[in-house]
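Student: Everything below, folded, please.
(2 chains)
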Amino acid sequence: MIKKLLIFTVALSMGSAAFSQIHKMERSDSSMMGRSYTLNPVVVTGSGHHQRLKSTATPVHVLSSQEIREQGITTFDGAITRMMPQVSMSPNSMGTFLRLNGLGNKYILILINGQKLTGDISSNVDLNRINMERVKRIEVLDGAASSLYGSDAIAGVINIITDQPTQQLVSATSNTRVSGHGIFTENVTLDVYKNGFGSYTSFSHDRANSYQNNNLEYVKGSDTETQPTIAPFFTGYRAYNVGQKFTYSPNQHLALNAGVDFMHKITDRPNTRTDITGGTDYEMRYRGLRWNVGGIYKFTNRNSLQADFTVDRFRYGKQYDMETKDYAIGDYVQSKKQKSMELQLKAILGLMKNSTTIFGANWRQDYLTATSGNINQNVYTLAAFAQHEMKFFDVLTATLGLRLTQHETFKTHLTPKVTLMYAPGNFRLRATYSAGFRAPGLDEIYYHYFSINRGKPQIIFGNEKLSPEKSNYFSLNAEYRTNVIAVSVTGYINRINDMVVRKNINVDETTLAMLQAEFPEMTADQAAKLERYSLYQNSDKGDVKGVQVNVSANVFQGFNLSANYVYTYARTKSGDAWTMLERSIRHAATMAANYFHQWNNYGLNVNLNARFQSKTYYPDYEDAPGYGIWNLNTTHTYTGLKHVLIEPSIGVDNIFNKVDRRIDSSSRKYALYTPGRMLVVGLKLKFK
Amino acid sequence: MMKIKSMMIAVLAICMGVFFTACSDDKNEPTENNYTIYQKAVNENVKANKKNDKVILLVAFGSTWEQAYDAFDATVAAYKKAFPGYDVFLSFSSAICINRAAAGENVDPRNFYAPPFWLNAFAQNGVKYSEIVVQSLQVIPGEEYTRVINYIKDFANNANGDIDDNYLANVTLKLGVPLLQDAEADVNKVAFELNNLYKDLAANSVVAFMGHGNPDSYDTYKANIRYTQLEEALQAYSKNYFVGTVDMMNNFKTNVYERMVAAGITSGKVYCHPLMSIDGDHGHNDMAGDDDDNWDGVKFTPNDEGEVEDTSWKMYFFHLGYECSNSTMIEKGLLELPTIRQVWMNHTTDAINGPALDFYHSMNPE
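Tutor: Down below sits the predicted model:
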């Protein structure tokens, strides 16, 4: 079945690619293109320097602010899952579990304007820190990219690029969106630009209430007897973001920038009650503060220097909203505090006519303070990287990249990348080999955990001898891209070695002596009961094979259609056995149809979007069922007024009311989190 | 599960279906459309005349008058002389002018082409200029100039997707600004040069310049203000200078007349001069024509906007009692005045020496 489906899909898209070669736009005037989507935008993430999508040897998937706006999406999760089948999310109170090409959060590098977003909750980067109103485009690079980006770029890189408009002296926008279950987002921005000086202020508030799709859970120890619970299926939250960015460009060569972003988020869960289970005494509180300064000096269009310094702090813990034995209302108990400082210097040089060379150096210091595991440590990372891209005989482009990393604990590591692109006419054939690595986390290196559970000591140990996790990524891509249609098929293999996992080690005399020295609080009686302890080790392997098919077309003026399908076969080997990677999804597809028409001062946009996915694998639990979900959004733009643009929108999320209503949500696994069909209403005002 | 898979297949199949339908639309394509014919002609022209590795494209609004053609030809010749490392071509941005010139409205038919054809031709295989300088021959940075900018943008962004992206990423693109780009430097320089030419006339008579201007609804870049600024700069030399327009709200010939009256000038000679790159249809008809249909023998009847229609500047001021006749019509376009033309050429030099246009590299970290 799977094979058939794959063959069918590939054959169809190849067929249409070949067919569309004879499809020619009747063009008398380029303005006839109207509001077509740019199928060949400028991108940066794949190759590290700006290129048109068609010319880049390392292709990326691009989500433009236009597409995000037309789908009526105000959250990062929504934007990326609706349009990119290779991405999936499962939100919970400990952040959103993000998955890209079968692999989890710690193998995904998230960048904001090319700089790493630091700060995770159990390896999940807090996605509420991304202010969607500022997004210019989101680029998703599939596969390893550590030669350019360093640690964590194994499953892929998501680069969120923000906009700093310079067209107007003063402009202000307000974007409000309301839906069911207390879902509310409000984004306000104020931009001022004059004489090369820009100030960009933004505020956003985003909230949702907790909800249940089924208020029953199984009574402990039974799989038939049920009882009501107030445990939320979806954890509500209130999030606030404030951002300020300054840019200054005294001439066309130099541009300086500085910015600061603050986020505060707190969950909103039902409180503990004596009459019913599922309440909690506390909320989880998250705070992030990120600031950066940097500059770009452009000698010519093809020669530039860039320096960026970023400091990112993220901390979270429990904030009590109920009086307990030990805590009063309002008490905050910190779980984890993370900080990183990063300095990056990069030169992009056009040394020869048909080449682009990048040299870079990177210094990074990571800090972690965690109550659990008793960690207060920091490590440095130094790296130098170079990449040379060269075009031969007009149709061949080759890229060679190399990064040398020096890390405080694992010392040196080398990551290469080689790509080759053959580009006759509108066709592209690309082959990529790229290595990825992930530096072990500070918790994995320094964890130092001791507790007594039912009289038995529990010990979890970090490991200073951990090697980086390594990956080898191979991909082949065939693409046909014009301004009318773009079809792309990619097959890849991503192999990960030395995956860091917690392994149980049997205790012998020598290790017991070592453990007693490490944990003097352990009594002789407790030590006698100690049979095993946990140690972080480089042990497991991962193996992901996949196919991606992407089709996008400007079918006729004002009408755009896109469809994406991914097949992902992700396995992991722990010990001798291969199992499906937890949270991986075999088949996923997204589809979007967009229609736009303008009548004088009124513009109508209708967007129909769908996402389908097969079951999500949970080898140790029951799999989460697959689903298909459709959303419709209409946007109405009125430009008739001199100083304000009015853009109301109305839509229906989850048109066919697909809901996963299984019993016992807090102990089962889910893929579909929607509470059901919901009306979504928004209003955007832009003041000029 | 099965449901989802069949759904996916269905969705993909639907998409493909639409593509096929979209494709099958163009089966009875005409043999060759005008676009292709024009592009071929320009391609051949550029191929045949390419002598240098760099090129200057002059973009004028256009005209159908012999005198204007002569001014353009002289300008191209002057450019070739002043910029020896560059090939120089001329294009019209106005479709009406292009079509009427090709039809031979006033003189023998001549083919001019819109900037996109030239830019495409510069990028064709076997030509591929390493540097393209687009020089606007507009007077103010207004509506027509934004069209010039958009032509370059479409070219640089490969709007039709048929230009070699690698070439676009490497070609140096430069843009020369209009005559009155800068509100101080350019306005003062042009006022200084105009005064040098006409100070003897302005000593005893009115010298009224007639610009084009953008109608209110198209005054996108608020560039109309340059006419007012130029008048102020000229009046620093002599109170007898006035700058009016054909299309700018509150600055028609009627408004020029009001300002003349307010300045106490109610009689005497009025010289009229086009403030346009060439002296074409507007100069010969709107300024110096014999049309006075609006004059009922006693008075003019202005329209809602305050302009007196169907009457030339010459006849308007004549009927209002000024000495205004064929002998006070200065039939010269600005490109025919070497010192003014030099201001445009200075802008070209500045563009060549300045930073290149960049449609790829963001100046913010990405």
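Student: Get me the contact residues on the stretch 201-350 of chain B for chain A.
Tutor: Contact residues, the stretch 201-350 of chain B versus chain A (C-beta under 8 Å from any C-beta of the partner chain): none. (Each C-beta comes from the backbone N, C-alpha and C, glycine too.)
Student: what's around the residue of the stretch 151-300 of chain B found nearest chain A, how many residues?
Tutor: Among the residues of the stretch 151-300 of chain B, residue B:161 lies closest to chain A, at 3.6 Å counting by C-beta to the nearest C-beta. Neighbour count of residue B:161, defined by other C-beta atoms under 10 Å in any protein chain shown: 20.
Student: helix/strand/coil for the nearest residue to it once chain neighbours are set aside?
Tutor: Distances taken as C-beta to C-beta, 6 or more residues apart in numbering or on different chains put residue A:483 closest to residue B:161, at 3.6 Å, once the chain neighbours are dropped. For residue A:483, the assignment made with DSSP: H, G, I helix; E, B strand; the rest coil gives coil.
Student: which ones are touching the residue of the stretch 151-300 of chain B closest to chain A?
Tutor: Applying C-beta atoms under 8 Å, 6 or more residues apart in numbering or on different chains, we find residue B:161 in contact with A:39-40, A:426, A:482-484.
Student: Averaged pLDDT, stretch A:85-101. What do you get?
Tutor: Average pLDDT, stretch A:85-101: 84.
Student: I meant to write stretch A:566-581 there.
Tutor: On average, stretch A:566-581 scores 92.
Student: next one: stretch A:620-638
Tutor: 93.
Student: for stretch A:357-375, same thing?
Tutor: 92.
Student: That stretch close to chain B?
Tutor: No. Judged by C-beta under 8 Å from any C-beta, stretch A:357-375 stays clear of chain B, getting no closer than 12.7 Å.
Student: Taking the stretch 351-500 of chain A, what residue is nearest to chain B?
Tutor: Distances between the stretch 351-500 of chain A and chain B by C-beta to the nearest C-beta are smallest at residue A:483, namely 3.6 Å.
Student: Given the helix or strand harbouring residue A:347, what are its sheet partners and their directions?
Tutor: In this structure, residue A:347 sits in strand A:332-349 according to DSSP states H and E. Applying DSSP bridges to the sheet, strand A:332-349 is found paired with strand A:303-320 (antiparallel), strand A:355-370 (antiparallel).
Student: shaky segments in chain A?
Tutor: A:1-37, A:93 (pLDDT under 70).
Student: quick one, longest strand in it?
Tutor: strand A:532-556 (DSSP state E).
Student: May I see the buried residues of that strand?
Tutor: Using 16 or more other C-beta atoms under 10 Å in any protein chain shown as the test for burial, strand A:532-556 gives A:533-540, A:542-555.
Student: and the residues you listed near chain B, which?
Tutor: A:549, A:551, A:553, A:555.
Student: how many other residues sit next to the residue lying closest to residue B:269 once chain neighbours are set aside?
Tutor: Distances taken as C-beta to C-beta, 6+ apart put residue B:205 closest to residue B:269, at 3.6 Å, once the chain neighbours are dropped. Residues near residue B:205, counting by other C-beta under 10 Å, number 20.
Student: now residue B:209
Tutor: There are 25 residues near residue B:209, going by other C-beta under 10 Å.
Student: Now for it: which residues touch it?
Tutor: Contacts of residue B:209 by C-beta under 8 Å, 6+ apart are B:194, B:230, B:234, B:241-244, B:272-275.
Student: now residue A:112
Tutor: Taking C-beta under 8 Å, 6+ apart, one finds A:130, A:159-160, A:162, A:290 in contact with residue A:112.
Student: taking those one by one, which sit in strands?
Tutor: Per DSSP E, the contacts of residue A:112 map to strands at A:159-160, A:162, A:290.
Student: which intervals of chain B have sub-threshold pLDDT?
Tutor: In chain B (pLDDT under 70), the answer is B:1-31, B:220.
Student: could you pull out the strands for it?
Tutor: Here chain B has its strands, by DSSP E, at B:54-60, B:86-92, B:131-136, B:172-176, B:206-211, B:241-245, B:270-274.
Student: Indicate which one of the ones you listed is closest to residue B:354.
Tutor: Among the strands of chain B, the nearest to residue B:354 by C-beta to C-beta is strand B:172-176 (7.0 Å).
Student: packing partners for the closest one?
Tutor: strand B:131-136, helix B:143-156, helix B:338-353 (3 or more C-beta pairs under 8 Å, 6 or more residues apart in numbering or on different chains; DSSP states H and E).
Student: and of the ones you listed, who's closest to residue B:186?
Tutor: Smallest distance to residue B:186 across the helices and strands packed on strand B:172-176 (C-beta to C-beta): 6.7 Å, for helix B:338-353.
Student: State the phi and psi torsions of residue B:362.
Tutor: Residue B:362 adopts backbone torsions of phi -70, psi 140, taken as degrees, to the nearest 10.
Student: tell me the contacts of the nearest residue to it once chain neighbours are set aside?
Tutor: Excluding its sequence neighbours, the residue lying closest to residue B:362 (C-beta to C-beta, 6+ apart) is residue A:50, at 6.8 Å. Neighbouring residues of residue A:50 by C-beta under 8 Å, 6+ apart: A:42-44, B:360-362, B:366.
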